[in-house]
Each structure stands twice: as C-alpha cells, then as structure tokens.
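# Quick check, what structure comes out for this input:
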Amino acid sequence: MGTQSSHRRFGTTCRSAAAFVAAFLLLMNVACQPPADNGGNNGGSDNGGGDNGGGDNGVGDNGGSNNGGNAAAIGQLSEIVLDADGSLIGADVVNDQIVRVNRTTGAATLISGNGAGSGPELDSPNKVFLDQDGSLLVTTIKRLIFRIDAGTGNRTLLLDASDPNDPFPDSFSGIAATDDGSVYVTNFVSDQFIARVDSQAGELVTVNADNVTNGVNDIVPLGGNNVLVVDTFRRAVIQVALPGGDVTIISNVDTQAGPADTEVGTGPDFGQSPRTLAIASDGTIYEGDEANSSFGLGVSVVFAIDPDTGDRTVASGPDVGEGPEIGRPVDLIVDAEGLLVMIDANHADLLVIDPQTGDRSFLGSN
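Numbering: from 1, shown residues only. Below is the predicted model of the structure:
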C-alpha cells in the first residue's frame, strides 16, 4: 500500500487513549440524553402535529411514502442525510426511530421504528447513510447494521456485531457505501478504525490504511471507491482509497500524536476534536471542529478546506457570522441550496449556516 503525505485533487461527485475514551463517552452521554425542551420546534406539539407534522408538510413534497404521515417528536438526532426531495432524514438515537424532517419547518414524520416498518427492532440508531439505490444504511449504538426501505420503513439486518468479543468492539461513528456497493463503518476509539461490512460472512473486515490512526469520527464518499475521513487523533482530513487503504492527507496540522507528518495546508489549526465532514458541489470540504482553543476556551467553529491545497479558513465561528453559537458539532451536511445544516448537541434545534457569510440560524426560524 502506498502512503502519501501531500494533497491532491479529487472529484467532487458527490493525546492519549484516555482522552479519546473520555471524549467518546462524553459524546455518547449527550447522544443518549434528550434535550430539556424539544417538543415545539422539532416536531412535537407546535410543529409535530396538525398541518406541519402529519398534514401538508408531512406526507406531501417533504414527507415519506407509506409511513410519512405520522408526526414524530424528536428526542435527539445523531446524524442526518439529505434526501433527493430536499428533506432531511435523521437517526433519532433517543426515540429509537428514523425520521424525515421538513427542511423549511423542522417538522418530523416517522419513517421507521416505533411501529413503522417491519423487521428487527430498531434500538438507538446513531448513524445513517442514504445509499445510491434510495435505501438507508443505519447503525445502532448496540452495533447492529440495518438496511431500511425509506418508503415502507421495513428493516433488514445486514450485520450483528454486538458480540463483546468482536474485534471491532466499540460503537460505530460513521457509515457509508462506495460506488461498488461495499458498505464501510468507522469507529471512534478502536484501533480497527475502518471496516468493510461482509454481510454474507457475518463479519467486519478491517481496512489496513497506513496513514490513519484510531479516532476516526466521520466517513464521506468521494465517488468511485474513495472516501474522506476525519482523523481526530491525528487532527487531519484524509482521503482513503478502498478497499486497499492507500491514503492521501488532504489537510493536517503539525502534531506529536501518531507518526510525524509534513503539515499540509495553511490556516488555523484543527482543534482537539475535529468532528464531522461535508462536501459542497464545488469540492469545498466543511469540517465541524469542536473545542478549538485557538479561538477561546471551548469554542467551536466550522472550517472551509480547499481540497487542492489543504488550506483552512473559518466559514463560521465567534468572529465570522452572527447567530447562535456553535457548541458541539455532531453532524454536518450541505443542503440543496448550498447551506450547511448542523446537529449541535448544545441546541435542541438544527443549525443552518450560510457558508458565504457565516451567519447561523435555527432551522424553521426563517
């Protein structure tokens, strides 16, 4: 396997061990605790029932198919994806369900779980990916991997990796599929950081990439069999060619963690917890960066990364843009209008960020 430490152009289609364990447990604690007040704006009383939840916005343009008419109250979203119709599909880790969220109002309708769809029980879904065939790939905290029909909500179990002796022992931090149909998962604290799902053999097959350490938080397809991952331990954004594992560092900072690297890209350093990735249609990479001390104690920002040079600029943060503060980025996507939509564990509602101005607002507030 070849190991590169320089940036390259790619297609636009599309520390310590204790510290990592502590960070992982902290994330899990947040994911498993419902927000104090989430009934109104996110699909409970005000937006969940009546006209916005189960009526025009629930079943029509932004609703689901057979199961889209049932209004759903959101407990805590842990990941979202953009559907072809412009709506959002999210994994609700607290309420054990997959929901469709109206991009304009924030109202949610049920897709799978809680009586919607057949198949094995859906318990604590934490990651979701929209496959090219329109189905959903979903992981759970208990290390089950499902394929879910987005129309009917029916669930098929791809893999049960809940055995405590499994060599990939911790909860999944990302899931994605490549163009050849292979499904991959990532892991935040395990040494086996990327693995291929072999559903026929009923096992996970580790990808041996030379230049990625443990602490992989997110995985995003780039087209073909290439993916982009964020390496938290290394504080780097890295391209991985699958299944072989050849890597290219897209952007990183000088760090003593792991092997010595040549720094790629200029601009502010990644913080202690680079968290989540999204790619715009022009190839710009956006990264939700938690607790970046360069900007103040506990301050989080969103970086824009040039894929050709690795240069990093702040797209939104304390001195860039106005609106609610970015607290704890959990997931980040680019919507059909080129705006960023973020799950922030410090806020009950989704954040919408204009990458041109950095301005931030809550989904449904405009």
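# For the stretch 251-366 of the chain, which residues score under the pLDDT cut-off?
Scanning the stretch 251-366 of the chain for pLDDT under 70 picks out the ranges 254-261, 366.
# 90 - rerun?
In the prediction, the stretch 251-366 of the chain carries residues with pLDDT under 90 at positions 253-263, 271-275, 291-299, 364-366.
# Check the stretch 1-150 of the chain too.
When residues are selected by pLDDT under 90, those of the stretch 1-150 of the chain lie in 1-69, 142.
# Please give the element, helix or strand, for residue 230.
Residue 230 is part of strand 226-231, with elements assigned from DSSP states H and E.
# Next, the buried residues of the following helix or strand past that strand.
With elements assigned by DSSP H and E, the helix or strand that comes after strand 226-231 is strand 236-241. Buried residues in strand 236-241, counting neighbours by 16 or more other CB atoms under 10 Å, are found at 236, 237, 238, 239, 240, 241. To be clear about C-beta, it is placed using only N, CA and C from the backbone, and glycine gets the same treatment.
# Can you name the two of those residues that sit furthest apart?
236 and 241 (16.0 Å; CB to CB).
# and the nearest residue to residue 106 once chain neighbours are set aside, which of the three is it?
The spatially closest residue to residue 106, leaving aside those adjacent along the chain, is residue 364, at 3.4 Å (CB to CB, 6 or more residues apart in numbering). Classification of residue 364 by DSSP: H, G, I helix; E, B strand; the rest coil places it in coil.
# quick one: residue 364 from residue 288, how far?
To residue 288, residue 364 is 20 Å away according to CB to CB, to the nearest Å.
# More neighbours: which of those two?
Per other CB atoms under 10 Å, whichever of residue 364 and residue 288 has more neighbours is residue 288, with 30 against 22.
# contacting residues around the more buried one?
274, 275, 276, 277, 300, 302, 326, 329, 330, 331, 332, 342 (CB atoms under 8 Å, 6 or more residues apart in numbering).
# same deal with residue 80?
88, 89, 90, 91, 101, 128, 331, 333, 341, 343, 350.
# Run a quick neighbour tally on the first one.
This means residue 88. Residues near residue 88, counting by other CB under 10 Å: 22.
# And for the third one?
A count of nearby residues for residue 90, using other CB under 10 Å, gives 27.
# which secondary structure element contains it?
Counting by DSSP H and E, residue 90 is part of strand 88-92.
# Contacts for that strand, please.
Residues outside strand 88-92 that contact it (CB under 8 Å, 6+ apart) are 72, 74-83, 98-103, 108, 111, 113, 125-128, 130, 136, 138, 150, 333, 335, 341, 343, 350.
# Just after that strand, pick out the following helix or strand.
Downstream of strand 88-92, the next assigned helix or strand under DSSP H and E is strand 97-101.
# Who are the packing partners of that following strand?
Here strand 97-101 is seen to pack against strand 77-82, strand 88-92, strand 108-112, strand 125-130 when contacts are counted using 3 or more CB pairs under 8 Å, 6 or more residues apart in numbering; DSSP states H and E.
# Single out the most deeply packed of these.
Of all the helices and strands packed on strand 97-101, strand 108-112 has the most neighbours on average by mean count of other CB atoms under 10 Å, namely a mean of 29.
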